[in-house]
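Q: no sequence for this one, just the structure:
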DNA sequence: TGTCTATTTGGCTATATTGCCAAATAGACA
DNA sequence: TGTCTATTTGGCAATATAGCCAAATAGACA
(Lines give C-alpha, C1' and ligand atoms only; values in the text may rest on other atoms or scores of the structure.)
Protein backbone atom coordinates (compact mmCIF):
# COMPACT_ATOMS: atom_id res chain seq x y z
CA UNK A 1 0.00 0.00 0.00
CA UNK A 2 2.80 2.37 0.83
CA UNK A 3 4.79 1.06 -2.10
CA UNK A 4 1.99 1.88 -4.53
CA UNK A 5 2.05 5.50 -3.47
CA UNK A 6 5.80 5.66 -3.17
CA UNK A 7 6.52 6.95 -6.66
CA UNK A 8 4.13 9.84 -6.34
CA UNK A 9 5.34 10.68 -2.85
CA UNK A 10 8.91 10.68 -4.12
CA UNK A 11 8.00 13.14 -6.86
CA UNK A 12 6.27 15.48 -4.42
CA UNK A 13 9.10 15.24 -1.94
CA UNK A 14 11.59 16.17 -4.63
CA UNK A 15 9.76 19.43 -5.35
CA UNK A 16 9.45 20.28 -1.66
CA UNK A 17 13.09 19.46 -1.03
CA UNK A 18 14.15 21.82 -3.79
CA UNK A 19 12.17 24.61 -2.13
CA UNK A 20 13.36 23.84 1.38
CA UNK A 21 16.25 26.27 1.57
CA UNK A 22 16.13 29.95 2.54
CA UNK A 23 18.11 31.17 -0.47
CA UNK A 24 15.97 29.16 -2.83
CA UNK A 25 12.79 30.48 -1.23
CA UNK A 26 14.20 33.96 -1.68
CA UNK A 27 14.85 33.25 -5.35
CA UNK A 28 11.28 31.99 -5.80
CA UNK A 29 9.86 35.12 -4.18
CA UNK A 30 11.96 37.37 -6.38
CA UNK A 31 11.01 35.50 -9.53
CA UNK A 32 7.33 35.97 -8.63
CA UNK A 33 7.97 39.66 -9.35
CA UNK A 34 9.50 38.84 -12.71
CA UNK A 35 12.47 37.17 -14.35
CA UNK A 36 15.96 37.79 -13.00
CA UNK A 37 19.49 37.15 -14.19
CA UNK A 38 21.95 35.21 -12.07
CA UNK A 39 24.00 38.31 -11.33
CA UNK A 40 21.05 40.22 -9.83
CA UNK A 41 20.10 37.29 -7.60
CA UNK A 42 23.72 36.85 -6.57
CA UNK A 43 23.99 40.46 -5.49
CA UNK A 44 20.75 40.28 -3.47
CA UNK A 45 21.68 37.04 -1.75
CA UNK A 46 25.27 37.98 -1.08
CA UNK A 47 26.76 34.52 -1.63
CA UNK A 48 29.27 33.32 -4.18
CA UNK A 49 27.97 33.27 -7.78
CA UNK A 50 28.73 29.59 -8.02
CA UNK A 51 26.58 28.91 -4.96
CA UNK A 52 23.64 30.82 -6.43
CA UNK A 53 24.10 29.08 -9.76
CA UNK A 54 23.89 25.73 -8.00
CA UNK A 55 20.72 26.75 -6.15
CA UNK A 56 19.20 27.70 -9.50
CA UNK A 57 20.25 24.36 -10.88
CA UNK A 58 18.42 22.60 -8.03
CA UNK A 59 15.27 24.63 -8.76
CA UNK A 60 15.54 23.91 -12.48
CA UNK A 61 15.96 20.19 -11.99
CA UNK A 62 12.89 20.17 -9.76
CA UNK A 63 10.89 21.85 -12.52
CA UNK A 64 10.29 25.03 -10.54
CA UNK A 65 12.19 27.48 -12.75
CA UNK A 66 13.26 27.70 -16.38
CA UNK A 67 16.26 29.49 -17.82
CA UNK A 68 16.56 31.62 -20.91
CA UNK A 69 19.99 32.59 -22.23
CA UNK A 70 20.08 36.01 -23.84
CA UNK A 71 23.41 37.55 -24.74
CA UNK A 72 25.90 36.56 -22.13
CA UNK A 73 23.32 36.51 -19.35
CA UNK A 74 20.94 33.80 -18.21
CA UNK A 75 17.48 34.86 -17.09
CA UNK A 76 15.47 32.67 -14.78
CA UNK A 77 11.71 32.68 -14.32
CA UNK A 78 9.07 30.59 -12.55
CA UNK A 79 7.64 27.71 -14.50
CA UNK A 80 4.32 27.60 -12.64
CA UNK A 81 2.41 30.67 -11.51
CA UNK A 82 1.02 29.37 -8.24
CA UNK A 83 4.22 28.59 -6.42
CA UNK A 84 3.66 31.23 -3.77
CA UNK A 85 -0.02 30.59 -2.99
CA UNK A 86 1.42 27.46 -1.76
CA UNK A 87 2.70 29.18 1.34
CA UNK A 88 -0.61 29.89 2.98
CA UNK A 89 -0.37 26.69 4.89
CA UNK A 90 3.27 27.04 5.82
CA UNK A 91 2.26 30.37 7.30
CA UNK A 92 -0.54 28.69 9.26
CA UNK A 93 1.95 26.29 10.74
CA UNK A 94 4.21 29.13 11.75
CA UNK A 95 1.37 31.21 13.18
CA UNK A 96 -0.05 28.35 15.18
CA UNK A 97 3.35 27.84 16.74
CA UNK A 98 3.39 31.44 17.87
CA UNK A 99 -0.13 31.09 19.31
CA UNK A 100 0.70 27.90 21.15
CA UNK A 101 3.79 29.46 22.60
CA UNK A 102 1.75 32.42 23.83
CA UNK A 103 -0.86 30.06 25.30
CA UNK A 104 1.74 28.03 27.12
CA UNK A 105 3.24 31.19 28.60
CA UNK A 106 -0.27 32.22 29.70
CA UNK A 107 -0.96 28.85 31.33
CA UNK A 108 2.22 29.25 33.34
CA UNK A 109 0.39 32.06 35.15
CA UNK A 110 1.24 34.94 32.83
CA UNK B 1 17.63 43.36 2.11
CA UNK B 2 18.09 39.62 1.98
CA UNK B 3 19.18 39.64 5.63
CA UNK B 4 15.94 41.34 6.68
CA UNK B 5 13.91 38.54 5.19
CA UNK B 6 16.30 35.80 6.25
CA UNK B 7 14.60 34.93 9.52
CA UNK B 8 11.23 34.45 7.91
CA UNK B 9 12.70 32.49 5.03
CA UNK B 10 14.51 30.24 7.50
CA UNK B 11 11.24 29.51 9.30
CA UNK B 12 9.43 28.66 6.08
CA UNK B 13 12.31 26.52 4.86
CA UNK B 14 12.25 24.57 8.10
CA UNK B 15 8.61 23.60 7.60
CA UNK B 16 9.18 22.64 3.97
CA UNK B 17 12.27 20.65 4.85
CA UNK B 18 10.32 18.66 7.41
CA UNK B 19 7.76 17.79 4.74
CA UNK B 20 10.32 16.97 2.07
CA UNK B 21 10.57 13.23 2.57
CA UNK B 22 8.33 10.54 1.07
CA UNK B 23 7.66 8.76 4.37
CA UNK B 24 6.81 12.04 6.07
CA UNK B 25 4.47 13.01 3.24
CA UNK B 26 2.84 9.64 3.64
CA UNK B 27 2.40 10.25 7.36
CA UNK B 28 0.84 13.66 6.66
CA UNK B 29 -1.61 12.15 4.18
CA UNK B 30 -2.62 9.44 6.62
CA UNK B 31 -3.09 11.91 9.45
CA UNK B 32 -5.42 13.96 7.21
CA UNK B 33 -7.80 11.00 7.55
CA UNK B 34 -7.49 11.05 11.33
CA UNK B 35 -5.06 10.45 14.16
CA UNK B 36 -2.78 7.43 14.09
CA UNK B 37 -0.53 5.65 16.56
CA UNK B 38 3.13 5.03 15.82
CA UNK B 39 2.58 1.31 15.41
CA UNK B 40 -0.04 1.75 12.66
CA UNK B 41 2.15 4.14 10.72
CA UNK B 42 5.12 1.83 11.16
CA UNK B 43 3.22 -1.10 9.71
CA UNK B 44 2.01 0.92 6.73
CA UNK B 45 5.44 2.35 5.96
CA UNK B 46 7.32 -0.86 6.50
CA UNK B 47 10.43 0.68 8.06
CA UNK B 48 11.91 0.19 11.51
CA UNK B 49 9.82 1.66 14.36
CA UNK B 50 12.73 3.80 15.40
CA UNK B 51 12.93 5.28 11.91
CA UNK B 52 9.23 6.16 11.91
CA UNK B 53 9.52 7.60 15.40
CA UNK B 54 12.29 9.86 14.21
CA UNK B 55 10.27 11.01 11.21
CA UNK B 56 7.43 11.88 13.59
CA UNK B 57 9.88 13.77 15.74
CA UNK B 58 10.95 15.84 12.73
CA UNK B 59 7.31 16.66 11.95
CA UNK B 60 6.61 17.53 15.59
CA UNK B 61 9.61 19.83 15.83
CA UNK B 62 8.48 21.60 12.69
CA UNK B 63 5.06 22.19 14.25
CA UNK B 64 3.24 20.03 11.72
CA UNK B 65 1.96 17.33 14.07
CA UNK B 66 1.17 16.98 17.76
CA UNK B 67 1.32 13.87 19.90
CA UNK B 68 -1.07 12.62 22.54
CA UNK B 69 -0.02 9.79 24.85
CA UNK B 70 -2.87 7.50 25.84
CA UNK B 71 -2.12 4.27 27.64
CA UNK B 72 1.10 2.91 26.29
CA UNK B 73 0.47 4.27 22.82
CA UNK B 74 1.21 7.67 21.30
CA UNK B 75 -1.30 9.10 18.86
CA UNK B 76 -0.25 11.69 16.34
CA UNK B 77 -2.47 14.17 14.54
CA UNK B 78 -2.08 17.19 12.27
CA UNK B 79 -1.73 20.52 13.99
CA UNK B 80 -3.06 22.60 11.09
CA UNK B 81 -5.95 21.54 8.90
CA UNK B 82 -4.76 22.91 5.56
CA UNK B 83 -1.55 21.02 5.18
CA UNK B 84 -2.72 19.10 2.14
CA UNK B 85 -4.35 21.96 0.19
CA UNK B 86 -0.86 23.00 0.04
CA UNK B 87 -0.09 20.43 -2.59
CA UNK B 88 -2.08 21.94 -5.43
CA UNK B 89 0.97 23.77 -6.60
CA UNK B 90 3.37 20.90 -6.18
CA UNK B 91 1.01 18.98 -8.43
CA UNK B 92 1.09 21.81 -10.97
CA UNK B 93 4.86 21.60 -11.05
CA UNK B 94 4.72 17.86 -11.61
CA UNK B 95 2.01 18.11 -14.29
CA UNK B 96 3.81 20.86 -16.18
CA UNK B 97 6.89 18.67 -16.30
CA UNK B 98 4.86 15.92 -17.93
CA UNK B 99 3.43 18.39 -20.45
CA UNK B 100 6.82 19.85 -21.32
CA UNK B 101 8.21 16.40 -21.82
CA UNK B 102 5.37 15.54 -24.17
CA UNK B 103 5.89 18.82 -26.04
CA UNK B 104 9.60 18.23 -26.44
CA UNK B 105 8.93 14.76 -27.81
CA UNK B 106 6.45 16.32 -30.26
CA UNK B 107 8.90 19.00 -31.39
CA UNK B 108 11.42 16.29 -32.20
CA UNK B 109 9.00 15.27 -34.94
CA UNK B 110 7.10 12.81 -32.75
C1' DT C 1 41.71 36.64 -33.26
C1' DG C 2 41.91 38.23 -28.04
C1' DT C 3 39.69 39.94 -24.02
C1' DC C 4 36.04 40.96 -21.04
C1' DT C 5 31.80 39.56 -18.58
C1' DA C 6 28.38 36.09 -17.09
C1' DT C 7 27.59 31.62 -15.81
C1' DT C 8 28.48 26.76 -14.92
C1' DT C 9 31.18 22.89 -13.38
C1' DG C 10 34.73 20.29 -10.61
C1' DG C 11 36.72 19.55 -6.42
C1' DC C 12 37.04 19.99 -1.79
C1' DT C 13 35.63 20.19 3.31
C1' DA C 14 32.24 20.66 6.71
C1' DT C 15 27.88 19.51 8.12
C1' DA C 16 23.28 17.24 7.96
C1' DT C 17 20.25 13.39 6.98
C1' DT C 18 18.75 8.65 6.72
C1' DG C 19 17.95 4.23 8.53
C1' DC C 20 19.25 0.45 11.06
C1' DC C 21 20.28 -1.99 15.61
C1' DA C 22 20.53 -1.97 20.47
C1' DA C 23 19.37 0.04 24.66
C1' DA C 24 16.53 3.02 27.48
C1' DT C 25 12.01 4.68 28.91
C1' DA C 26 7.07 4.55 30.04
C1' DG C 27 2.58 2.61 30.75
C1' DA C 28 -0.52 -1.57 31.52
C1' DC C 29 -1.48 -5.19 34.05
C1' DA C 30 -0.84 -9.47 36.62
C1' DT D 1 7.14 -6.21 42.20
C1' DG D 2 7.98 -8.31 37.25
C1' DT D 3 6.83 -8.64 32.52
C1' DC D 4 4.89 -7.31 28.30
C1' DT D 5 4.06 -3.80 24.70
C1' DA D 6 4.80 0.78 22.64
C1' DT D 7 7.81 4.32 21.85
C1' DT D 8 12.01 7.07 22.08
C1' DT D 9 16.93 7.75 22.23
C1' DG D 10 21.96 6.81 21.30
C1' DG D 11 25.21 5.41 18.24
C1' DC D 12 26.89 4.20 14.00
C1' DA D 13 27.85 4.07 8.78
C1' DA D 14 26.39 5.52 4.36
C1' DT D 15 24.93 9.10 1.70
C1' DA D 16 23.52 13.89 0.55
C1' DT D 17 23.88 18.89 0.95
C1' DA D 18 26.04 23.55 1.26
C1' DG D 19 29.32 26.78 0.13
C1' DC D 20 33.68 28.26 -1.21
C1' DC D 21 37.63 28.63 -4.66
C1' DA D 22 39.50 27.68 -9.05
C1' DA D 23 38.91 26.37 -13.63
C1' DA D 24 36.07 25.77 -17.72
C1' DT D 25 32.59 27.44 -20.89
C1' DA D 26 29.94 30.74 -23.70
C1' DG D 27 28.65 35.09 -25.66
C1' DA D 28 29.83 40.11 -26.81
C1' DC D 29 32.61 43.02 -28.92
C1' DA D 30 36.89 45.25 -30.42
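A: Received, thanks. Since we're looking at a predicted model, the values are computed, not measured.

Q: DNA strand D contacts on chain A?
A: Proximity of chain A to DNA strand D (Cβ under 7 Å from any atom of the strand) is limited to residues A:17, A:20-21, A:23, A:47-48, A:50-51, A:54-55, A:58, A:69, A:71-72. Glycine gets a C-beta too; all of them are placed from N, C-alpha and C.

Q: try it again at 6 Å.
A: A:21, A:23, A:47, A:48, A:50, A:51, A:54, A:58, A:71, A:72 (Cβ under 6 Å from any atom of the strand).

Q: show me which of these is closest to residue B:81.
A: residue A:21 (26.5 Å; Cβ to Cβ).

Q: roughly how far apart are that closest one and DNA strand C?
A: Separation of residue A:21 from DNA strand C (Cβ to the nearest atom of the strand, to the nearest Å): 11 Å.

Q: thought residue A:62 was touching residue A:20?
A: No - here residue A:62 lies out of contact with residue A:20, judged by Cβ atoms under 8 Å, at a distance of 10.4 Å.

Q: quick one, strands of chain A?
A: A:36-37, A:65-70, A:73-78 (DSSP state E).

Q: could I get those strands as CSV with distance to DNA strand C?
A: Formatted as CSV, the strands of chain A follow (distance: least, Cβ to the nearest atom of the strand, whole Å):
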stretch, distance to DNA strand C
strand A:36-37, 3
strand A:65-70, 6
strand A:73-78, 4
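
Q: which among those strands is found nearest to residue B:7?
A: Ranking the strands of chain A by proximity to residue B:7 (Cβ to Cβ) places strand A:36-37 first, at 22.2 Å.
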